[in-house]
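**Student:** Based on what follows, work out the 3D shape:
(one chain, ligands or ions: 1)
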Amino acid sequence: MCGIVGYIGHRPAVPLLLEGLSCLEYRGYDSAGIAFVQANKIHTVKAAGKLANLEEKVATQHSFNAMYGIGHTRWATHGKPTEENAHPHADNAQTLTIVHNGIIENYEQLRDKLKSKGYFFLSETDTEVFSNLLSFHYSEKKDILTALQCTMQEVEGAYAVVIIHKDYPDQIFAVRKSSPLILGVGQGEYFLASDIPAFLPYTRSAVFLNDGEIAKLSSNSWEVLSSTDLKAITKEITTITWDLQAAQKSGYKHFMLKEIYEQPQVIHNCLAGRISKDMKVLLPELDSLDIPKQIRIVACGTSYHAGLWGMHLIEKLCKIPVQVEIASEFRYREPLLPEGTVVFALSQSGETADTLAGLRLAKENNLQTIGLCNVVGSTLSREADRIVYTQAGPEMSVASTKAMCSQLVVLFLFALYYGQRKNTLSAKEVSDYITDLENIAQTLEEALPKFHADAKHFAKKYAHAKSCFYLGRGLSFPLALEGALKLKEISYIHAEGYAAGEMKHGPIALIDKDFPTFAIATQDSLFAKTKSNILEVQARNGKILALVNDKNDIDTEDTWLIPKAKDALSSFYILPALQFFAYEVADSLGKDVDQPRNLAKSVTVE
Ligand code: M6R
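**Tutor:** Here you go, the predicted model:
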């Protein structure tokens with residue numbers, strides 16, 4: 001995915017574009033560029049590498065009095081992260097230039113068609129195909145809106161595109177299909193962005209563009225048109241209630257660290273408004289739906305791990321069969337989806353292409369769909385039959401932390417909610433679980449500084465491992481997967497999460513004194529089994545760092561003590577401990593924690 005911005009209004013555009021891009025850098029950071037109009041000429045500045053390189057280049061090359069322009073920060077899909085491939089991309093005639101987030105799937109056919117008409121291409125991107133196709137239609141239709149309409153009929157795939165055109169001074173156009181694009185409505189100024197923080201310092205009024213819509217902005221007006229008939233559409237303005245501070249580092253070294261520390265508050269926020277005075281779970285979004293006969297959770301990455309965790313709890317507390325699916329597999333394997341199955345699409349961003357495809361597959365099969373999502377107004381929130389927000393606030397770090405915590409809380413609430421409706425749980429049991437959830441937020445708040453200090457201590461010892469295992473059983477198995485994912489993605493140390501009992505079926509062959517294991521060995525019903533698996537590793541000279549509730553529980557190289565909590569509540573301690581550990585390892589190795597190599601925050605491509 002990439003981040004795109006557009007600005008038109010009464011202030012100099014260039015600093016605003018750069019500021020907006022800095023809020024979107026989490027979406028991609030391998031090259032960046034802007035285009036703006038000055039003295040009736042489109043100027044484009046691009047740089048490979050992080051946004052800082054572009055800022056430096058802009059500062060040395062340009063004075064800023066352009067009042068409108070567009071910008072882009074890239075996560076490469078088509079072509080290497082070079083300056084040539086960086087956006088914006090102009091057409092051959094240099095009459096228009098565009099920034100694009102998404103993938104044009106039929107770009108090869110379109111490129112061949114354009115080549116046969118004499119067009120040439122300077123980059124390897126699919127975006128340049130869009131700009132030239134638009135230019136081609138414009139040369140025929142002589143009207144930008146009709147040209148956009150024709151272009152949208154021809155391109156396949158996902159795109160959010162923002163356009164400036166020499167023949168339309170003081171105007172910006174934008175189109176969207178399956179990639180996020182939000183219009184910020186200010187006083188005499190308008191913004192376009194892939195995400196809200198890019199314009200939040202200037203306006204809280206947002207308009208979420210839908211697929212197939214065209215936005216037309218000038219410095220004193222905005223309009224949204226349907227690409228089908230070019231007629232104006234009435235759009236609702238949403239007021240953004242969260243603060244920009246939520247999307248800033250607030251004194252923390254990294255967003256990831258801040259977001260780990262925010263988890264107690266996230267638990268509060270997730271519960272807010274969802275517990276009745278008589279201690280019942282309120283999920284009014286689901287009241288009018290039948291109780292699912294079975295549930296498929298479809299998700300990717302960290303959200304998939306949260307889904308696996310949720311499966312344990314839902315099956316245990318409300319006796320609904322659950323299957324959890326990696327979205328990129330689910331969408332292509334022609335799954336059997338019996339009537340009465342409800343598909344839960346779980347996604348922080350609500351923009352993950354594979355998860356959205358899974359949701360659409362469920363809808364094609366006439367199944368009910370429920371989205372669990374953090375980002376208000378995201379594609380998932382608009383396409384699912386019902387949406388339950390996880391209310392974690394903006395998550396800026398590429399490595400997901402607090403979003404997973406919020407997903408666990410919401411999945412817990414689902415289990416209690418259906419348990420209430422099915423009477424698999426008594427009122428007293430539901431009330432006790434709710435009290436436990438409310439209390440865990442408080443105790444976690446107190447525990448986090450100690451977890452962090454311990455993580456620093458252990459990170460020093462383990463940061464130089466080349467590979468390691470994470471082991472857990474039951475609810476701790478998905479957490480082991482998550483611990484390994486966190487370590488891999490930000491420290492680049494090879495790590496694998498395993499069900500502790502599965503080690504002996506092959507992976508244990510890798511164990512030697514230089515291949516450590518992070519074992520989750522808290523006191524749950526499977527503790528004795530986990531302990532046996534740890535002993536098996538120790539018998540092969542494997543070093544163990546064990547997360548335990550009592551130092552006497554187990555004799556390992558290192559024991560990391562965390563407070564004991566009842567059943568599933570323990571996960572709310574284990575998760576931040578794993579996150580702090582990965583963070584401290586990566587930071588001690590000098591890695592770019594918030595912007596790890598090769599990654600982007602949400603993956604809007606296949
Ligand atoms: O926005 P989503 O929850 O759908 O994102 C899914 C994954 O791309 C995401 O969790 C990814 O694995 C993160 N980098 C994990 O830290």
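**Student:** Spell out, range by range, the strands that occur in the stretch 101-250 of the chain.
**Tutor:** 157-165, 172-177, 182-185, 190-193, 205-208, 213-218, 221-226, 238-239 (DSSP state E, counting those that start in this stretch).
**Student:** Enumerate every residue touching the residue of the stretch 501-606 of the chain found nearest the ligand.
**Tutor:** For the stretch 501-606 of the chain, the residue closest to the ligand is Ser602, as judged by Cβ to the nearest ligand atom, at 4.4 Å. (C-beta placed from N, C-alpha, C; glycine too.) In this structure, Ser602 makes contact with Met1, Arg27, Ser347, Gln348, Ser349, Glu351, Thr352, judged by Cβ atoms under 8 Å, 6 or more residues apart in numbering.
**Student:** roughly how far apart are the last one and the ligand?
**Tutor:** For Thr352, the distance to the ligand under the criterion Cβ to the nearest ligand atom, to the nearest Å works out to 3 Å.
**Student:** Wait, that residue touches Ala327, no?
**Tutor:** Yes. When contacts are counted by Cβ atoms under 8 Å, Thr352 is listed as touching Ala327 (7.0 Å).
**Student:** Any chance you could list residues touching both of these two?
**Tutor:** Here Thr352 and Ala327 have Ala299, Cys300 as joint contacts, going by Cβ under 8 Å, 6+ apart.
**Student:** Quick check on these two: which one has the bigger neighbour count.
**Tutor:** Thr352 (30 against 27; other Cβ atoms under 10 Å).
**Student:** Check what pLDDT the more buried one gets.
**Tutor:** Note on Thr352: pLDDT of 93.
**Student:** The one 3 residues further on now?
**Tutor:** Confidence at Thr355, expressed as pLDDT, is 97.
**Student:** Run a quick neighbour tally on the residue in the stretch 151-300 of the chain positioned nearest to the ligand.
**Tutor:** Proximity of the stretch 151-300 of the chain to the ligand (Cβ to the nearest ligand atom) peaks at Cys300, 4.1 Å away. Cys300 has 23 neighbours, counted by other Cβ under 10 Å.
**Student:** Was I right to think it contacts Val603?
**Tutor:** Yes. Cys300 is within contact range of Val603, at 7.0 Å (criterion: Cβ under 8 Å).
**Student:** which residues do the two both contact?
**Tutor:** With Cβ under 8 Å, 6+ apart as the test, Cys300 and Val603 both reach Thr352, Asp354.
**Student:** which bits of the stretch 251-400 of the chain sit near the ligand?
**Tutor:** Cys300, Gly301, Thr302, Ser303, Ser347, Gln348, Ser349, Thr352, Thr355, Val398, Ala399, Ser400 (Cβ under 6 Å from any ligand atom).
**Student:** ok so, going back, go through the contacts of Ser602 and say which is closest to Thr435.
**Tutor:** Nearest to Thr435 out of these is Gln348 (Cβ to Cβ; 27.5 Å).
**Student:** By residue count, what's the longest helix in this structure?
**Tutor:** Longest helix in the chain by number of residues (criterion: DSSP state H): helix 427-462.
**Student:** Just the CA coordinates for the next helix or strand after it, please, in CSV.
**Tutor:** On the C-terminal side of helix 427-462, the closest following helix or strand by DSSP states H and E is strand 467-472. The C-alpha coordinates for strand 467-472 follow below in CSV (Å, rounded to 0.1, in the frame of the first residue of the first chain):
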residue,chain,number,x,y,z
SER,A,467,16.9,-18.0,15.3
CYS,A,468,14.5,-18.9,18.0
PHE,A,469,11.2,-20.7,18.8
TYR,A,470,8.2,-19.4,20.6
LEU,A,471,6.2,-22.2,22.3
GLY,A,472,2.7,-22.2,23.9
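**Student:** now for strand 467-472, which elements pack on it?
**Tutor:** Strand 467-472 sits against helix 476-491, strand 494-499, strand 517-520, helix 527-538, with contacts defined as 3 or more Cβ pairs under 8 Å, 6 or more residues apart in numbering; DSSP states H and E.
**Student:** For the longest helix of the chain, give the mean pLDDT please.
**Tutor:** Mean predicted lDDT for helix 427-462 stands at 96.
**Student:** can you check stretch 309-325 too?
**Tutor:** Mean predicted confidence for stretch 309-325 is 98.
**Student:** how far out from the middle of the chain is it?
**Tutor:** Put simply, stretch 309-325 sits 23 Å off its chain's centre (Cα atoms, centre = their mean, to the nearest Å).
**Student:** Same question for stretch 544-552.
**Tutor:** With Cα atoms, centre = their mean, you get 33 Å for stretch 544-552.
**Student:** Out of the helices and strands packed on strand 467-472, indicate the one that is most buried.
**Tutor:** Per-stretch averages of neighbours, counted by mean count of other Cβ atoms under 10 Å, single out strand 517-520 among the helices and strands packed on strand 467-472, with a mean of 28.
**Student:** Each with direction, which strands does that strand pair with?
**Tutor:** Strand pairing for strand 517-520, using DSSP bridges, gives strand 467-472 (parallel), strand 544-548 (parallel).
**Student:** Given the helix or strand following the last one, what are its sheet partners and their directions?
**Tutor:** Along the chain past strand 544-548, the next helix or strand (assigned with DSSP H and E) turns out to be strand 558-561. In the sheet containing strand 558-561, the strands it pairs with under DSSP bridges are strand 544-548 (parallel).
**Student:** Grab the CA positions of the partner strand and hand them over as PDB.
**Tutor:** The C-alpha trace of strand 544-548 is given here as PDB (Å, rounded to 0.1, in the frame of the first residue of the first chain):
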ATOM      1  CA  ILE A 544      14.800 -21.500  27.500                       C
ATOM      2  CA  LEU A 545      13.400 -18.100  28.500                       C
ATOM      3  CA  ALA A 546      10.200 -19.000  30.200                       C
ATOM      4  CA  LEU A 547       7.300 -16.700  31.000                       C
ATOM      5  CA  VAL A 548       6.000 -18.000  34.300                       C
END
